[in-house]
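Asks: With the input below, show me the fold.
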Amino acid sequence: MLRLEETTGRTYEERMEDAVSAIPLITDEWTNHNPSDPGITILENLILFETLQGSRITNISDEAGRALLKMVGFEAAKGKCARLLLAADRLPGKTHLENNQRFYIGDMVFETRRPQDVGDCHLTGIISCYDGKIHDHSHLLDREIVLPAKVFGDDPKVGDEVLFFSDTLPEPGSETSFYIRINTGFRRNALKDRSENIFASFKWECYTRSGFREIKVKDYTGALLESGEIKLKFPQDIRYAEYKRGGHSGYCLKATLTTANYDIRPCIMQVDAFLFEVWQKDTRALSLTFQRTDKIRAVSPMKNEGYILCFCRESKGDSYRRYELSTTTGRRGRYCLFERDAREGEFSLTFDKRSFGFEPAKVKDAVRLFIYSEEVMRQYHVGRVIGYDDQEIELPFRHIVPDSFLLIAKRIDASGEEYFDFVRPGKSEDDALTYHLLENDGRIVIEDPGDFIGAELYIGSLAVTEGPKGNVRAGNHLLAPGLSDAALFYNPGPGIGGAFRETLEDVRTRFREDVYTPYTCVTAEDYEKAVASAPGLCIRKIKAVMDELDNLVHIAVLPGTDEEFPHLSGEYIDTIDHVLSERRLITTRFQIRPPVYVGVSVKLTVYVKRQFGNSRKQIEDRVRKLINYIDGDKNFGDPLTFEEVFAGIESLDCVDYVYDLFMQPENLRHAQLRDSNIYPAENCLLYPGQIMLETIITSLAVK
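Replies: Residues are numbered from 1 along each chain as shown. Predicted coordinates:
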């Protein structure tokens, strides 16, 4: 078996030197060791082959590496464009947005993916109904006022309502989004399904001529526990009506609590409604497809329509032919009449066989338009299909959006005429041009040229993205050239999802991390890590203790709630139980233990320095901090030692020295006093109880 140092540890020169020096040991007839000797030439080729083979043995190709990782369940995550929700501000009224409408934050571009109307719906008021009273929260619509509102008070109950009033509502059958910003002081673990609600749920309704009617909703806020989007879809046959309540009138959306087991009471900071989505991508070349008509109209996102190429299919299933744009009629050949419309970016193409002699057939996808920016047009020819294995062609752009990419392949038929086909990555039909796109690097690799050997390749459509840079912070104002000069668009939430495609090294790193991350819980630390990552929960403290005699693991958990002494609810216990049941050893049992709290009484006498007037407060604050296990660094079961409390007080600048100190747990069932130290139980947290402090000013006693 070859050792690693034999294959890669030596250079070609070292190998050649060893081989030549070994010749006299093998034969005394070979005396000419100069490069001109044919034997040396043969030896050089063999040594070079050995060196190359050694390198191939230890180096795995990119394709082979990805295939091996795929076998163990690890594939490169695809690149994604960041998604952003926008509110239409300062529009004069209902405004139509075309597909690929561009929005700018500085030099970064976001685009729409479909035509839509915006700017016609606005919230006018928000009220909530609980405890038999109506509470007005319309200030949540004002971005200048930051005043949190507990929309269901301190005790949310099933049946509590929040109502949103608006001047109008979206068209029946359409979708819209709200973004609600929540005030929370605790970090919550992410859910695998962002629309899953563990602690609470709503029924959403819209007021119609026949009363309130339920509508479909996807709630990504966890029922108002996290900042996020609420996506609403209205029925096709809905007939809106106006509604009056709590001093507000207009069209009404109502959310009613159907489950209300909150761990943290909902506290809303801001509400933005009737939002539309845009995606962080910059289209440099756009492809448009039309059915056969005598006249087609199009809108270009490029300034001054960009550069336009037109291709038409003249019979079903045939390749396309290039049609030139003409501003006049009467020319014979493959032409179409090009006319600009009054609105900037709009134009029309007219096909007339009587005038030009040619026209597209009445078939599906009869006409393909390609609109280029000047940058792409100058370098849209990318190369020629040669036909050898895995031919690579460099593209003039990097970080390409894969779904946007299309190549134009030009070939010449037997009569010498040009014909064109449009090829996307991954196409694998018989005789087709099969290639894959390396979007990060800006390259294509042709796996099978099919019938396209000799074809010239051009960029057909292309968009680029800035990946994670598109995950912009919330609160930007975006501009949209071509719309009203006063138009301003605001993003209430951050951009999400923006990422480049993972490289092979990224996948390897993720694989290594997964290998070294224990899934099955064996040690106490494994149990603590599993509980800390339980989906949808706020976890502040965990302590796992192994009972080897009973083969039992005790797990104490402090949830992150807004209660003074948080309790472990049924939702927390069920979720943690589900996580640990999947990951425990078959023979090992576990027990989830809720936290218990024990106060600590402190009696102390302290000599303080005369120049400090607020010494009493400083000392009491320090004592409370040292004993507060709930908000401090101490964990379940950690002992509270006399020395650390004594030293903590004496280290204050205002303290001369501590004369006397005594600590006593207020509940001896869960905490014991031994040798002046307090030892809480394994699921116990200490907190400051009664503090009896006597301060004495040095040389002058004062109580």
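Asks: Enumerate the beta-bridge partners assigned to Glu175.
Replies: Glu175 has these beta-bridge partners by DSSP bridges: Lys233.
Asks: Name the residues of stretch 381-392 that come out as buried.
Replies: 382-383, 385, 391 (16 or more other Cβ atoms under 10 Å). To be clear about C-beta, it is placed using only N, CA and C from the backbone, and glycine gets the same treatment.
Asks: Stretch 656-665 too?
Replies: 656, 658, 661, 663-665.
Asks: Ok, stretch 467-485 next?
Replies: Within stretch 467-485, the residues that count as buried by 16+ other Cβ under 10 Å are 467, 470-472, 474, 476, 478, 480, 483.
Asks: what residues does it touch?
Replies: The contact list for stretch 467-485 (Cβ atoms under 8 Å, 6 or more residues apart in numbering) reads 79, 81-82, 84, 86, 89-92, 95, 101-105, 108, 110, 181, 280, 344-345, 399, 487-500.
Asks: What's the end-to-end length of that stretch?
Replies: Stretch 467-485 has an end-to-end distance of 29 Å (criterion: Cα to Cα, to the nearest Å).
Asks: average pLDDT for it?
Replies: The average pLDDT within stretch 467-485 is 89.
Asks: could you pull out the strands for the stretch 101-250 of the chain?
Replies: Assigned by DSSP state E, counting those that start in this stretch, the stretch 101-250 of the chain shows strands spanning 102-105, 108-111, 116-118, 123-130, 133-136, 161-166, 175-182, 200-208, 211-214, 216-219, 228-233, 242-245, 248-260.
Asks: In JSON lines: those, plus mean pLDDT, distance to Lys410 and mean neighbour count.
Replies: As requested, those are arranged in JSON lines below (pLDDT from 0 to 100; distance: least, Cβ to Cβ, whole Å; neighbours: other Cβ atoms under 10 Å):
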{"stretch": "strand 102-105", "mean pLDDT": "92", "distance to Lys410": "30", "mean neighbour count": "19"}
{"stretch": "strand 108-111", "mean pLDDT": "94", "distance to Lys410": "29", "mean neighbour count": "22"}
{"stretch": "strand 116-118", "mean pLDDT": "90", "distance to Lys410": "36", "mean neighbour count": "19"}
{"stretch": "strand 123-130", "mean pLDDT": "95", "distance to Lys410": "54", "mean neighbour count": "20"}
{"stretch": "strand 133-136", "mean pLDDT": "95", "distance to Lys410": "66", "mean neighbour count": "14"}
{"stretch": "strand 161-166", "mean pLDDT": "96", "distance to Lys410": "53", "mean neighbour count": "22"}
{"stretch": "strand 175-182", "mean pLDDT": "95", "distance to Lys410": "41", "mean neighbour count": "20"}
{"stretch": "strand 200-208", "mean pLDDT": "95", "distance to Lys410": "54", "mean neighbour count": "20"}
{"stretch": "strand 211-214", "mean pLDDT": "94", "distance to Lys410": "55", "mean neighbour count": "13"}
{"stretch": "strand 216-219", "mean pLDDT": "94", "distance to Lys410": "46", "mean neighbour count": "16"}
{"stretch": "strand 228-233", "mean pLDDT": "95", "distance to Lys410": "44", "mean neighbour count": "20"}
{"stretch": "strand 242-245", "mean pLDDT": "94", "distance to Lys410": "60", "mean neighbour count": "14"}
{"stretch": "strand 248-260", "mean pLDDT": "95", "distance to Lys410": "54", "mean neighbour count": "19"}
